[in-house]
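1. Structure, please.
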Amino acid sequence: MIRNLSKYNNLVIISIKNNAKSIAAVRRYSNQNYEQSRTKYDVVIAGGGMVGCTLACALGKMSLLSNLKVLLLEGSPDKPYQLPPEYSNRVVALSQNTKSLMSSLSVWQHLEKMRVNPVRHMQVWDACSDALISFSSADIMNDDVAYIVENDVLLHAVNTELKSNSVQNVDIVYGAKIVGYELPKTTSGNEECLVKMDDGKSYTCNLLIGADGAKSAVREAMGVQYVSWDYDHMGIVATLHLAEESENNMAWQRFLPTGPIALLPLDSTRSSLVWSTSPAHARELLKLPEESFVDALNDALWKQYPRNSAVDAATTWVASWLRRAGYQDGAARQLPPSVRAITPRSRAAFPFGFGHSTRYVAPGVALIGDAAHRVHPLAGQGVNLGFGDVRDLTSCLADALYAGLDINDPSWLSKYESTRQRHNVPTQLAIDALYRLYRADLPPLVLARSVGLQLTNALHPLKKFIISHATT
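-> Residues are numbered from 1 along each chain as shown. All right, here's what the predicted structure looks like:
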């Protein structure tokens with residue numbers, strides 16, 4: 001009896017040992033699978049729009065950064081692209097510095113093979129007075145004022161270079177659905193950022209870049225303060241067909257009492273429209289038949305609005321005084337083109353707003369583009385500010401690596417933040433002030449802005465300073 005019990009006990013002990021081995025094996029297998037699902041990268045970029053893709057391309061092209069293991073997460077699917085015969089209704093105006101950035105990344109050559117149109121002259125004028133300001137290539141050492149390119153074309157050009165053999169260190173996940181982030185709590189550099197995906201996968205990285213737009217989930221995870229407001233204005237966009245063929249290298253912008261209207265040149269017969277107006281008026285314009293919309297558009301460009309006699313007298317005196325003082329008041333006023341038709345189904349509207357993140361960085365995290373700042377498009381600076389972020393971020397990161405610092409070292413992140421905020425914040429505030437100044441039609445404000453426009457147009461050093469700031 002005792003022998004049989006002893007045998008039974010031995011069997012139990014053996015069984016327990018075997019079960020323990022099985023449990024340990026299961027745990028080891030689970031841990032291996034868990035570790036395999038957490039792929040490690042040096043840098044993860046959340047958001048594959050124009051700015052995010054350009055950053056990924058820069059991290060692959062710069063020699064000091066090309067050894068970094070980079071992951072780009074893009075929510076949209078990867079679709080084949082073919083240049084359509086008609087222009088898109090969403091375009092951007094690229095500055096000279098943005099062109100230099102794109103040229104250094106070999107992206108500009110792809111744009112030239114598709115379509116990009118230079119702006120060599122620009123005229124901005126007030127509908128409530130005779131004041132205007134003009135810019136030309138002569139004001140910036142014979143360089144073009146800007147370059148008009150469609151959003152889709154620019155994104156395709158960047159992606160073409162990003163997927164080329166010249167970029168070897170960037171992985172791209174299309175259709176990526178991010179469900180959450182776990183960010184470092186300290187600046188020690190020992191903690192990593194965790195990016196959780198909806199398919200159960202996750203990615204860890206030393207540096208997370210938020211390039212995920214104005215409603216940035218990365219910024220929200222950082223917990224930083226975001227100052228924002230809506231302008232209660234909508235932007236009507238469309239592709240326009242001009243009444244007459246011309247060289248069409250001038251951009252036009254007229255400040256109406258209801259908001260600015262701008263025509264950006266696309267080719268010899270077409271321009272792109274950006275018309276800022278109230279939501280109610282925008283809805284009316286979208287409902288109009290195409291012929292009626294064209295009539296309303298030409299009316300906005302040519303209509304003579306009520307004038308204040310005191311304002312007219314004051315601006316006439318200022319113009320006369322400037323001529324007597326020997327100041328040239330810029331190029332002669334030119335008449336805007338007439339619009340013949342619009343491309344069918346090209347009309348659309350989107351809201352305008354202001355946004356500014358009080359912090360661009362946190363431990364192991366940095367924001368770029370609309371995730372960090374958002375501006376009214378009246379000055380065409382939104383996307384250029386984002387590309388400026390890319391330029392300065394990669395420069396600071398390259399300096400950090402050259403100095404032997406970690407890529408999440410807080411010193412270089414702070415340098416990036418201070419460099420960009422010194423440029424972005426004044427630009428944002430200036431654009432916001434212009435928007436508010438030109439919305440008012442009170443005679444004292446009309447007089448102030450009209451005289452300011454006249455003086456700026458006459459004082460060429462001031463005008464060059466404005467252009468210089470806009471292109472950096």
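
2. Just give me the neighbour total for R422.
-> By other C-beta atoms under 10 Å, the residues close to R422 number 9. All C-beta spots, glycine's among them, are computed from the backbone N, C-alpha and C.

3. pretty sure P77 contacts K177?
-> No. With contact defined as C-beta atoms under 8 Å, P77 does not reach K177; the gap is 11.4 Å.

4. More neighbours: the two, which one.
-> K177 (11 against 8).

5. quick one: the helices in the stretch 301-450 of the chain?
-> Counting by DSSP state H, counting those that start in this stretch, the stretch 301-450 of the chain has helices at residues 309-324, 382-402, 410-439, 443-458.

6. for the record, mean pLDDT for stretch 91-110?
-> Average pLDDT, stretch 91-110: 96.

7. export the helices of the stretch 301-450 of the chain to JSON lines and tack on distance to R270 and mean pLDDT?
-> Listed next are the helices of the stretch 301-450 of the chain as JSON lines, based on distance: least, C-beta to C-beta, whole Å; pLDDT from 0 to 100:
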{"stretch": "helix 309-324", "distance to R270": "34", "mean pLDDT": "88"}
{"stretch": "helix 382-402", "distance to R270": "21", "mean pLDDT": "97"}
{"stretch": "helix 410-439", "distance to R270": "27", "mean pLDDT": "94"}
{"stretch": "helix 443-458", "distance to R270": "28", "mean pLDDT": "89"}
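
8. Point out the most buried one among those.
-> Among the helices of the stretch 301-450 of the chain, helix 382-402 has the highest mean neighbour count (mean count of other C-beta atoms under 10 Å), at a mean of 21.

9. which strands and helices sit next to it?
-> Counting contacts by 3 or more C-beta pairs under 8 Å, 6 or more residues apart in numbering; DSSP states H and E, helix 382-402 is packed against helix 50-61, strand 91-94, helix 96-104, helix 410-439.

10. Return that helix as CSV; C-alpha atoms alone will do.
-> Extracted C-alpha coordinates of helix 382-402, given in CSV (Å, rounded to 0.1, in the frame of the first residue of the first chain):
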residue,chain,number,x,y,z
GLY,A,382,1.0,77.4,-44.2
VAL,A,383,2.8,74.6,-45.9
ASN,A,384,6.0,76.6,-46.1
LEU,A,385,6.1,76.9,-42.3
GLY,A,386,5.9,73.1,-42.3
PHE,A,387,8.7,72.6,-44.7
GLY,A,388,10.7,75.1,-42.6
ASP,A,389,10.1,72.7,-39.7
VAL,A,390,11.5,69.9,-41.7
ARG,A,391,14.6,71.8,-42.7
ASP,A,392,15.4,72.9,-39.1
LEU,A,393,14.5,69.6,-37.5
THR,A,394,16.8,67.6,-39.7
SER,A,395,19.6,70.2,-39.3
CYS,A,396,19.3,70.1,-35.5
LEU,A,397,19.2,66.3,-35.5
ALA,A,398,22.2,66.1,-37.7
ASP,A,399,24.1,68.5,-35.4
ALA,A,400,23.2,66.4,-32.4
LEU,A,401,24.4,63.1,-34.0
TYR,A,402,27.6,64.8,-35.1
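
11. on that earlier part again, so which of the helices of the stretch 301-450 of the chain comes closest to T277?
-> helix 410-439 (10.9 Å; C-beta to C-beta).

12. now the angle from that closest one to helix 382-402?
-> Our comparison of helix 410-439 with helix 382-402, counting by axes from the mean of the first three to the mean of the last three C-alpha atoms, to 10 degrees, yields an angle of 170 degrees.

13. before we move on, the earlier item: and the helices of the stretch 301-450 of the chain as TSV, adding distance to S268?
-> Below are those laid out as TSV (distance: least, C-beta to C-beta, whole Å):
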stretch	distance to S268
helix 309-324	33
helix 382-402	25
helix 410-439	30
helix 443-458	28
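
14. Can you say which of these is nearest to T258?
-> With distances scored as C-beta to C-beta, the stretch of the helices of the stretch 301-450 of the chain nearest to T258 is helix 410-439 (8.3 Å).

15. tell me the angle of the closest one relative to helix 443-458?
-> Angle, helix 410-439 to helix 443-458, by the same axes, to 10 degrees: 120 degrees.

16. dump the residue contacts of the residue lying closest to D441 once chain neighbours are set aside.
-> Once flanking residues are discounted, D441 sits nearest to P257: 4.8 Å by C-beta to C-beta, 6 or more residues apart in numbering. The contact partners of P257, by C-beta atoms under 8 Å, 6 or more residues apart in numbering, come to A127, C128, Y305, R439, D441.
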